[in-house]
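> Got a sequence here, can you build the structure:
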Amino acid sequence: MNLLAELKRRNVLRMAGLYLVAAWLVVQVADTLLPVFGAPGWVMKAVVMLLVIAFLPALVVSWFYELTPTGLQREDELASGQASYQGADRRLRRINDRTPAQPGEPLPAPLGARRQGRLTIALLVLALGYFLVEKVVTTASQGDSATAAVVNNKSIAVLAFADLSPDGKNEYFADGIAEEILNALAKVDDLKVAGRTSSFYFKQKNENIQTIGRALGVANVLEGSVRMQGDRVRITAQLIEVQGGFHLWSENYDGDLSDVFELQEKIARSITDQLRVVLDTDQKRRLVPTATEQPEAYALYLQATAIFNRRDSRRFLHGIEQLQKAVDIDPGYARAHARLASMYAIASEYTPIDLDEALAGAREHAEIAMALDPSMAEPHAALARVHGAQRHYVDEVSAFERALSLEPNDVNSNFWFGSTQFVVGYIERANTAIDRALLRDPMLPMALLWRGMSYSEAGDQNNAEKLLQRADDMGLALIGTGWSEVAEARGDIAEATRQLAAGTEVLFSTFPSGTAEAFARACYGDAPARQQVLDLLDAYLAGNPSFIDGIVPYALARLGQPQRAMQLTETHRLSHPMYLALLWGPYGKETRTRPDFTEFARKIGFTAVWDTYGAPDLCRKTADGGYLCE
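A predicted model of the protein is given here:
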């Protein structure tokens, strides 16, 4: 007998179709209901595997057994005409136009076939209904909000905690607790965490949770408070679901200052449990490391970190002193060494500290931190800044690559890497790194400024304005440097002058009052102002400084003296890289297109990194090994 015909007669093919439809429906329902009950991921996998394993036995049963009015019967019993056949035969004759079965003829099985057919149709109708309902619900939810479709349910913003201490003098501690929890959660692979700057932006602004959630693109918000009295501390935390404003949980955590890391661990663990985040092996052990056993060292670390985060130039050196005390108390405090390295690495941009002293301090503490805890990204990023300040750009890139391999989503490492890539001419690579930082921390002021200026220099003033406005809202002092480019591109020279003066005032802080305003007028054609600024620059250089304030070559380049700016940069180190970044924008074209630019690039270390990683975006390598830029 033909095998296909026999498979059809015994309803094996119908059973296969019925099984597949039923299995698909079971999987869809399980996918919807299992998360509601908090089932772990392996349960869904088990359901699918059981359905796959049961497929072949179901077909075997359909080959040997037939569905009759009296239940399942073996096929050979039906074919031999036993008693159960008689009742079935009478019904089959009524169904099949009362045609009698012939003696010895194999018995067809229309009863089971028809029942299977009806069941298959019913399941198909259910499946179609499920599909249509799911489609309608999905479309409706997408229509509720343009951003709802892209918000990950496993996402969170940790707001600054309120200081409820009786003396009201522990704001730094409350901020530090929130930041510690944020940093711990940021290392959970399956959890999106808004960056510190963006989350803390809403501190004391009395915005509702829905507004905060939409602004930060998160589905959940953690808020809380800290109350310290003596050595006792109470941390109150509550997790809120953004869309409905529901409190998912609220808890108080009490302990001594020596218990602070354990309290943070409990909070972080509660959040990941509530959001059903699947933790990897390391994260199952601990989210918040016990960084130090010395409460006094931890308090000093938090106070210095508050200064570092605000880039508080007036107290920057005091922050360095606090961190030095912290590591004196606990020499094994790796994170304090790492933060001390970071503060030293950028100290020359905010203080009059000697550059050599700052770079030596940054290197020393970065190396100590790496030896104590090789898993941290921060000391590698700080060491990268040291390499950049010393114009060892290949080593700088390598150090940043190491930092980002350890913590790919670290906001500070991504931003620092992006800004230094601008300095050596890799514009697209810089934009990618800064975009990655802004994805995690969309209100990071300096990242917004750098990216906004990059948009403006590419001719996209609309996107430039959007990012610069966010940085302006954050109160960034340098924001006028970006606004001036946009105003100039739009032909508003008066506004460009005003903005440039406001934006460079802090950069000319070591010069006489009014220098920034004169510089801005000079940049837009005021000849007397130009001479005034050049005289001030000459007076500054006459003092033979050991290193040059970065605003000096920047100002010379803007005022039509590119060769002099290049010579100073060749022979002196700069306190900040503003001039080097200028080389790759519209104000640097006169410099980078000069015949002697390749030699200049060689002397300051640019060509070493270009030879290693390829020509910068606006240049190409020539046959003689030089670079031709446009």
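
> what helix or strand does Ala565 sit in?
If you go by DSSP states H and E, Ala565 is part of helix 562-571.

> what's next to whatever helix or strand comes next after that helix, contact-wise?
Next in sequence after helix 562-571, counting helices and strands by DSSP H and E, comes helix 578-582. Applying Cβ atoms under 8 Å, 6 or more residues apart in numbering, the external contacts of helix 578-582 come out as 419, 422-424, 507, 550-554, 557-558, 565, 569, 574, 588, 604. Every C-beta, even on glycine, is put in place using the N, C-alpha and C of the backbone.

> could you dump helix 578-582 to PDB, C-alpha only?
Presented in PDB, the C-alpha positions along helix 578-582 are these (Å, rounded to 0.1, in the frame of the first residue of the first chain):
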ATOM      1  CA  MET A 578      41.100  73.500  23.300                       C
ATOM      2  CA  TYR A 579      43.500  74.700  20.600                       C
ATOM      3  CA  LEU A 580      44.200  71.200  19.300                       C
ATOM      4  CA  ALA A 581      40.500  70.600  18.900                       C
ATOM      5  CA  LEU A 582      40.200  73.800  17.100                       C
END
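
> quick one: average pLDDT of that helix?
Mean pLDDT, computed over helix 578-582, is 94.

> Pull out the buried positions in it.
Met578, Tyr579, Leu580, Ala581, Leu582 (16 or more other Cβ atoms under 10 Å).

> same deal with stretch 467-477?
Leu467, Leu468, Arg470, Ala471, Asp472, Met474, Leu476.

> Repeat that for stretch 458-465.
Residues Gln461, Ala464, Glu465 are the ones in stretch 458-465 that count as buried (16+ other Cβ under 10 Å).

> mind saving the C-alpha coords of it as CSV?
Once non-C-alpha atoms are left out, stretch 458-465 reads as follows in CSV (Å, rounded to 0.1, in the frame of the first residue of the first chain):
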residue,chain,number,x,y,z
ALA,A,458,29.1,69.8,10.0
GLY,A,459,26.4,72.3,9.0
ASP,A,460,23.5,70.8,11.1
GLN,A,461,22.5,73.8,13.1
ASN,A,462,19.1,72.4,14.2
ASN,A,463,20.6,69.4,16.0
ALA,A,464,23.4,71.6,17.3
GLU,A,465,20.8,73.9,18.9
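
> any idea how far that stretch is from the chain center?
Its chain's C-alpha centre and that of stretch 458-465 lie 23 Å apart, by Cα atoms, centre = their mean, to the nearest Å.

> got a list of contacts for that stretch?
So stretch 458-465 is in contact with Gly452, Met453, Tyr455, Ser456, Gly482, Glu485, Val486, Ala489, Arg490, going by Cβ under 8 Å, 6+ apart.

> so of the buried residues of stretch 458-465, which ones are in strands?
Nothing among those maps onto strands, per DSSP state E.

> Which of the residues you listed fall in helices?
Cross-referencing the buried residues of stretch 458-465 against helices under DSSP state H gives Gln461, Ala464, Glu465.

> From Phe417, how far out is the second one?
As for Ala464, its distance to Phe417 is 22 Å (criterion: Cβ to Cβ, to the nearest Å).

> Who are the contact partners of Pro616?
Applying Cβ under 8 Å, 6+ apart, the residues near Pro616 are Val424, Gly425, Tyr426, Ile427, Trp584, Phe606, Trp610, Tyr627, Cys629.

> The residue nearest the centre of the chain and Tyr613: what is the separation?
Centroid check for the chain by Cα atoms, centre = their mean gives Arg440 as the closest residue, at 3.2 Å. Distance from Arg440 to Tyr613, counting by Cβ to Cβ: 25 Å.

> swap in Ile427?
Going from Ile427 to Tyr613 by Cβ to Cβ gives 13 Å.

> follow-up on the earlier one: leaving out the residues flanking it, which one is nearest to the residue nearest to the centre of the chain?
Gly195 (4.6 Å; Cβ to Cβ, 6 or more residues apart in numbering).

> same question, Ala433
That would be Gly418: by Cβ to Cβ, 6+ apart, it lies 3.4 Å from Ala433.

> separation between the one you found and Tyr426?
Separation of Gly418 from Tyr426 (Cβ to Cβ): 9 Å.

> likewise Ile156?
33 Å.

> which one of those two has more residues nearby?
The neighbour comparison of Ile156 against Tyr426 (other Cβ atoms under 10 Å) goes to Ile156, with 30 against 23.

> May I have the beta-bridge partners of that one?
Under DSSP bridges, the beta-bridge partners of Ile156 are Val193, Asn220.

> OK, contacts around it?
Counted by Cβ under 8 Å, 6+ apart, Ile156 has contacts 185, 191-194, 218-222, 239, 271, 275.

> Select from these the one having the most neighbours.
Within the contacts of Ile156, most neighbours by other Cβ under 10 Å means Ala194, with 30 neighbours.

> Name the helix or strand for Ala174, please.
Applying DSSP H and E, one finds Ala174 within helix 171-186.

> Just give me how far stretch 426-435 sits from the chain centre.
Taking Cα atoms, centre = their mean, the mean C-alpha location of stretch 426-435 is offset from the chain mean by 15 Å.

> Start from the N-terminal end of the stretch 501-630 of the chain and give the helices.
All helices of the stretch 501-630 of the chain, identified by DSSP state H, counting those that start in this stretch, fall at 515-523, 527-541, 551-558, 562-571, 578-582, 589-592, 597-603, 606-613.

> and the longest one, what's its mean pLDDT?
I take that to be helix 527-541. 97.

> ok, now the fourth one?
If you average the pLDDT over helix 562-571, you get 96.

> by contact count, what packs against it?
helix 551-558, helix 578-582, helix 589-592, helix 597-603 (3 or more Cβ pairs under 8 Å, 6 or more residues apart in numbering; DSSP states H and E).

> closest one to Val52 among these?
Between Val52 and the helices and strands packed on helix 562-571, the shortest separation by Cβ to Cβ is 58.1 Å, and it involves helix 578-582.

> Point to the helix or strand of this protein where mean pLDDT is at its lowest.
helix 83-95 (a mean of 43; mean pLDDT, DSSP states H and E).

> Kindly check the end-to-end length of stretch 617-627 for me.
11 Å (Cα to Cα, to the nearest Å).

> now swap in stretch 177-197 and tell me
15 Å.

> quick check, Asn152 in a strand?
No - using DSSP: H, G, I helix; E, B strand; the rest coil, the assignment for Asn152 is coil, not a strand.

> Quick check: the gap between it and Gly213.
Noted for Asn152: a distance of 12 Å to Gly213, by Cβ to Cβ.

> Show me which of those two is the more surrounded one.
Neighbours of Asn152 and Gly213, each counted by other Cβ under 10 Å, are more numerous for Gly213; the result is 25 against 14.
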